[in-house]
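> With the input below, show me the fold.
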Amino acid sequence: MKRLLGIVATIVMALAFARLVDAVGKRELVRTVAELSGELAAVERQHQELSKEAERLEADHQLLEHRLRIISRREPYLVIQRGLGRVRLELQDKVLLEVPLRVRGPLADVDAFWEMSKRTYQVLAKRSETVWFRPDWLYRLEGVEPPLDSASRVVSNAFGPGILFLGGGLAIHGRVSEDVPVEALDHTYIELDSAALRSVLSMLQPGSLVFIQ
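Below is the predicted model:
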């Protein structure tokens, strides 16, 4: 009987030891998996950072190439220096005009402007007048029936003495008229005072380059 009890005790101890080893092994496995997951996440973050750095360097390279080409053609161009908060009108290596940078528009779009990578825009179109027509929804918002006569909807010089369209929802123009409500603004714009805007309008043409740094 004692011998049988001894055998049973040995078996129980062996099972307990096996379970202990199994539990320790599982904990070790869980710890190893957690460490590997952490290392993998770190590698992925590093890869993303390197990809962003490569994109930044490529953008810088393209920006430099564009500027070298435009300088060789002796055409005026605009440089938006976000880091310095300046707008510069340049011709070759000369600065013709430098004014503070003011960016306006819907808040989310303005945030996107500050966060986007460096890039080059082209002036797509230029207008010396900025006429805006009040839309139907604005009249209804004010509780007024929209007029049938389009002439009564006109807001002259709504965006200053001129405007440059850069595409991608970005433009350069003057101060927005008080007759244009904030809700009606559907684009991001670089605001220049009237004198600076006239100088830029006189120098830049459709096809002129605008560098966003």
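> Tell me the secondary structure of residue 48, please.
Here residue 48 is recorded as helix under DSSP: H, G, I helix; E, B strand; the rest coil.
> In the protein, what residue spans correspond to strands?
Listed in chain order, the strands of the chain (DSSP state E) span 76-81, 86-91, 94-100, 103-104, 119-122, 125-127, 132-133, 154-155, 163-167, 170-173, 188-191, 209-212.
> between those, which one is nearest to residue 199?
Closest to residue 199 of these is strand 94-100 (C-beta to C-beta; 5.3 Å). Quick note: C-beta positions are derived from backbone N, CA and C, even for glycine.
> per-residue confidence averaged over the closest one?
Mean per-residue pLDDT for strand 94-100: 95.
> Name the strands paired with that strand and say parallel or antiparallel.
strand 86-91 (antiparallel) (DSSP bridges).
> quick one: the strand it pairs with to strand 76-81, angle?
160 degrees (axes from the mean of the first three to the mean of the last three C-alpha atoms, to 10 degrees).
> Need the mean per-residue confidence for strand 86-91.
Mean pLDDT, strand 86-91: 96.
> Please save the CA atoms from it in PDB.
Taking Å, rounded to 0.1, in the frame of the first residue of the first chain, the C-alpha atoms of strand 86-91 are listed here in PDB:
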ATOM      1  CA  ARG A  86       6.900  85.200 -45.500                       C
ATOM      2  CA  VAL A  87       5.800  85.600 -49.100                       C
ATOM      3  CA  ARG A  88       8.600  86.600 -51.500                       C
ATOM      4  CA  LEU A  89       8.400  87.600 -55.100                       C
ATOM      5  CA  GLU A  90      11.700  86.800 -56.800                       C
ATOM      6  CA  LEU A  91      13.400  87.200 -60.100                       C
END
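> now it, how far from the centre of its chain.
Put simply, strand 86-91 sits 21 Å off its chain's centre (C-alpha atoms, centre = their mean, to the nearest Å).
> List the buried residues for it?
87-90 (16 or more other C-beta atoms under 10 Å).
> which of the residues you listed lies closest to residue 189?
Residue 189 lies nearest to residue 87 out of the buried residues of strand 86-91, by C-beta to C-beta, at 12.0 Å.
> about what we covered before: format the buried residues of strand 86-91 as a markdown table; extra columns: distance to residue 171.
Shown next, in a markdown table, are the buried residues of strand 86-91 (distance: C-beta to C-beta, whole Å):
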| residue | distance to residue 171 |
| --- | --- |
| 87 | 13 |
| 88 | 18 |
| 89 | 16 |
| 90 | 20 |
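> out of the residues you listed, which one sits closest to residue 98?
Closest to residue 98, out of all of the buried residues of strand 86-91 and judged by C-beta to C-beta, is residue 88, at 4.9 Å.
> Just give the nearest non-adjacent residue to the closest one, would you?
residue 79 (4.5 Å; C-beta to C-beta, 6 or more residues apart in numbering).
> how much space between that neighbour and residue 172?
Note on residue 79: its distance to residue 172, by C-beta to C-beta, to the nearest Å, is 12 Å.
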